[in-house]
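> Okay, sequence plus prediction incoming.
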Amino acid sequence: MNLTIRIVKKIHNSLLTRVLHSILEKLFKAAESEFSRLMRKVGEPLAKKLSDIAKGWGCKSANAWAKDTSFIRFLTVNYMNTPGLHTV
């Protein structure tokens with residue numbers, strides 16, 4: 001990877017692009033914290049679901065909820081602090 005970055009400015013080989021992409025995905029996942037993973041796997045889907053429900057009730061500002069990092073963080077913390085029987 002270091003060699004590619006040092007020598008190549010633009011990758012033209014599709015196989016090399018896929019291999020580097022796969023390596024980078026694995027590195028990002030390995031470096032991701034447990035909380036960030038929960039935000040992605042639990043908080044984001046909950047925010048989307050709540051946003052859709054609120055939109056159905058006519059709340060115009062609910063569109064932004066699905067992408068609101070603070071709201072997603074709030075939902076994730078609530079999920080983490082919910083007793084096991086009540087988790088999603």
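That came through, no problem.
> Every contact and neighbour count from this point should use C-alpha atoms.
Will do.
> any idea how far K49 lies from K10?
40 Å (C-alpha to C-alpha, to the nearest Å).
> neighbour-wise, which of these two wins?
Applying other C-alpha atoms under 10 Å to K49 and K10 shows that K49 carries more neighbours, namely 14 against 9.
> Contacts made by stretch 70-88 with the rest, please.
35, 38-39, 42-44, 46-47, 65-66 (C-alpha atoms under 8 Å, 6 or more residues apart in numbering).
> So for that stretch, what gets flagged as buried?
71-73, 75-76, 79 (16 or more other C-alpha atoms under 10 Å).
> May I see those arranged in JSON lines, with secondary structure, distance to K55 and pLDDT as well?
Output for those, formatted as JSON lines (DSSP: H, G, I helix; E, B strand; the rest coil; distance: C-alpha to C-alpha, whole Å; pLDDT from 0 to 100):
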{"residue": "F71", "secondary structure": "helix", "distance to K55": "16", "pLDDT": "96"}
{"residue": "I72", "secondary structure": "helix", "distance to K55": "17", "pLDDT": "97"}
{"residue": "R73", "secondary structure": "helix", "distance to K55": "20", "pLDDT": "96"}
{"residue": "L75", "secondary structure": "helix", "distance to K55": "18", "pLDDT": "95"}
{"residue": "T76", "secondary structure": "helix", "distance to K55": "21", "pLDDT": "93"}
{"residue": "Y79", "secondary structure": "helix", "distance to K55": "22", "pLDDT": "92"}
